[in-house]
Each structure stands twice: as C-alpha cells, then as structure tokens.
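Participant: Need coordinates for the following:
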Amino acid sequence: MQPLVSIVTPIYNNEGVIGETIQSVLDQSYTNWELLLVNDGSIDNSSELANEHVAKDPRIQLFEFIENRGAAEARNQGSEMAKGDYIAFLDADDLWHNQKLEIQLKLMTEKNVDVCFGGYEMIDAESKPLNIKVNALPVLTYEKLLKANYIGNLTGMYNCKKLGKIYTKDLKKRQDWLLWIEALKRSRKPAHGISETIAYYRKSDNSLSSNKMKLIKHNFNVYRKGVRFNFIKSCFYLLLFFYEHFFIKSRLIKPIA
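Facilitator: This is a model prediction of the structure:
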C-alpha cells in the first residue's frame, strides 16, 4: 500500500496565487496525498478560491482561523490534523515540480531516510523564472544544519511515523528552520538532498533573506529561544551562522544558463 503524504499549506491573503499552488499539488505524479489548507484569517478571497478546490477533490481540506495567528500556528494546525505517514510543507505562494513527491518518496524508501529536501528555483510574482537555482547538499547533518538553514521549507519532507509530528515554535520568524533542526535531532541520521529542482520559490522584495540586518535578531532567537542554548553559546552560533550563510551556503546559489 502506498504511504499517505500530508501536505500543509498556510494561507494568508494569497488569492492571486493560491489556485496555481493547489494546481501544482493536483498535478503530482504521486497521487496518495492529502492537502491541508489552513486559512490564517485572510481578508481577501483566498478562502472562497480554496473552497472551490475542496468541493472538487476529497483529498483537499480547508481549516479556518477567524483571526490571523501567524504561520507557526497555521502549520501546527495542519500538522495536528495530518493523517499521513509523511508530512511536507508548501506555502501558498510557492509551487512544486510535478514529480516532487514521487522523487522524494523513492529516495527516502531506498535509502531509509527520515528527512529529505531538494533543490529549488526562484520565480517572480508572475511565476516567471528568475534563472536562479538554490542547490541542495547531498547529505546534511544536524551539526551542519545548526550553522545555517540549508533546507528550503517548500522542499522538505519528513517521516512522521518514525519521528512523530513536529510542531513549530512560536517565533516570529525562522520557525521552519527550527522544525528541521528538531527533525534531524530526533532522527539521529543525516537528511538527504536531491540535486534536481523539485520546487519553485516565489521571491518577494520584503523577504527576510533580502533584509540582512533582521537576520541578527531572528537567528539569535533560533539559538536562544528555539534550541535553548545559553547566551554565550547562542552568540557563538550566531557568528558561525553568518560565516556559514555568506561564505559557504551562498555557493549553492547558482545562475541558470
């Protein structure tokens, strides 16, 4: 019997792109999935558009927050309702390659891997390619992940039958990084990366990665409040992060000819 994959998608005012995102799931070559949409208090037509897909496909469910609670709570709600053997995440403005799930499940089964991620390409607001790819490391250890976030959340998937459900902590930013840190901590095995493109990340000008100064506060909170290092160790890892992020991880970002 094919394993069930639970896909968690938080939605917040994404009426312009949510249809395309859902379609990228419907187009998957692997079909035994459930899509858990969590509307995080949207004030546009996101909920109505999502419900059109719910009415057409029993694999799609929609959960509603009356007020905006943030991405962490939305992902946690989706994870709480998940029934799958595996859990994957797809934000409401990103897209998947149509063989994403099939490729990952094949690798995870063959190599007995608990956590898997992959390469992804950048697209703009109109879904046009920006000709930039973020490559994935072939193997990623817990210690390496502590130094910088090497897992694009839109590509990550973990075996929740083995690791249990993992809930994101209530930090303003970088909750996804903490989730994958916890996954590798529980697994005690490295994650495996897929070199080929399996997803498409919609880049915005106000993204955290485009504001380097905000990285200081948010990454310190990952170490201090998330991983719960003491103050000195948190400062030390913050220095490691900036070296790793700007001098090592940056080498994985390549132009597409």
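Participant: Please make it C-alpha for all contacts and neighbour counts, starting now.
Facilitator: Fine.
Participant: Using CSV, write out every CA atom in the helix or strand bottoming out on mean pLDDT in the chain.
Facilitator: Using mean pLDDT, DSSP states H and E, helix 212-221 stands out as the lowest-scoring helix or strand of the chain, at a mean of 82. In CSV, the C-alpha atoms belonging to helix 212-221 read as follows (Å, rounded to 0.1, in the frame of the first residue of the first chain):
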residue,chain,number,x,y,z
LYS,A,212,20.3,41.1,6.2
MET,A,213,20.0,43.2,9.4
LYS,A,214,16.9,41.4,10.5
LEU,A,215,18.8,38.1,10.4
ILE,A,216,20.7,39.0,13.5
LYS,A,217,17.6,39.2,15.8
HIS,A,218,15.7,36.3,14.3
ASN,A,219,18.6,33.9,14.2
PHE,A,220,19.7,34.7,17.7
ASN,A,221,16.2,33.8,18.8
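Participant: Strands of the stretch 101-250 of the chain, start to end?
Facilitator: Here the stretch 101-250 of the chain has its strands, by DSSP state E, counting those that start in this stretch, at 115-123, 129-134, 139-140, 157-159, 191-202.
Participant: number of nearby residues for residue 217?
Facilitator: The tally of other residues near residue 217 (other C-alpha atoms under 10 Å) stands at 11.
Participant: Next one: it from residue 174, what distance?
Facilitator: Counting by C-alpha to C-alpha, to the nearest Å, the gap from residue 217 to residue 174 is 11 Å.
Participant: now residue 216
Facilitator: Using C-alpha to C-alpha, residue 216 is found at 12 Å from residue 174.
Participant: In terms of neighbours, single out the busier of the two.
Facilitator: Taking other C-alpha under 10 Å, residue 216 and residue 174 do not tie; residue 174 has more neighbours (20 against 14).
Participant: For that one, give me its contacts.
Facilitator: Residue 174 sits next to 218, 219, 222 when contact means C-alpha atoms under 8 Å, 6 or more residues apart in numbering.
Participant: Quick one: residues contacting the residue nearest the centre of the chain.
Facilitator: The residue lying closest to the centre of the chain (C-alpha atoms, centre = their mean) is residue 153, at 1.9 Å. Residues in contact with residue 153, defined by C-alpha under 8 Å, 6+ apart, are 89, 90, 176, 177.
Participant: Let me know the closest of these to residue 136.
Facilitator: When these are compared for distance to residue 136 (C-alpha to C-alpha), residue 177 wins out at 14.9 Å.
Participant: and the nearest residue to the closest one once chain neighbours are set aside, how many neighbours does it have?
Facilitator: Distances taken as C-alpha to C-alpha, 6 or more residues apart in numbering place residue 149 nearest to residue 177, at 5.8 Å, with adjacent residues excluded. Residues near residue 149, counting by other C-alpha under 10 Å, number 20.
Participant: ok, back up a step: using JSON lines, please lay out the contacts of residue 174 together with neighbour count and distance to residue 14.
Facilitator: Formatted as JSON lines, the contacts of residue 174 follow (neighbours: other C-alpha atoms under 10 Å; distance: C-alpha to C-alpha, whole Å):
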{"residue": "218", "neighbour count": "17", "distance to residue 14": "24"}
{"residue": "219", "neighbour count": "23", "distance to residue 14": "27"}
{"residue": "222", "neighbour count": "23", "distance to residue 14": "27"}
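Participant: mind putting those residues in JSON lines, distance to residue 13 included?
Facilitator: Below are those laid out as JSON lines (distance: C-alpha to C-alpha, whole Å):
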{"residue": "218", "distance to residue 13": "24"}
{"residue": "219", "distance to residue 13": "26"}
{"residue": "222", "distance to residue 13": "27"}
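Participant: Now flag whichever of those residues is closest to residue 249.
Facilitator: Using C-alpha to C-alpha, those come closest to residue 249 at residue 219, 15.4 Å.
Participant: what's near enough to touch the closest one?
Facilitator: Applying C-alpha under 8 Å, 6+ apart, we find residue 219 in contact with 174, 238.
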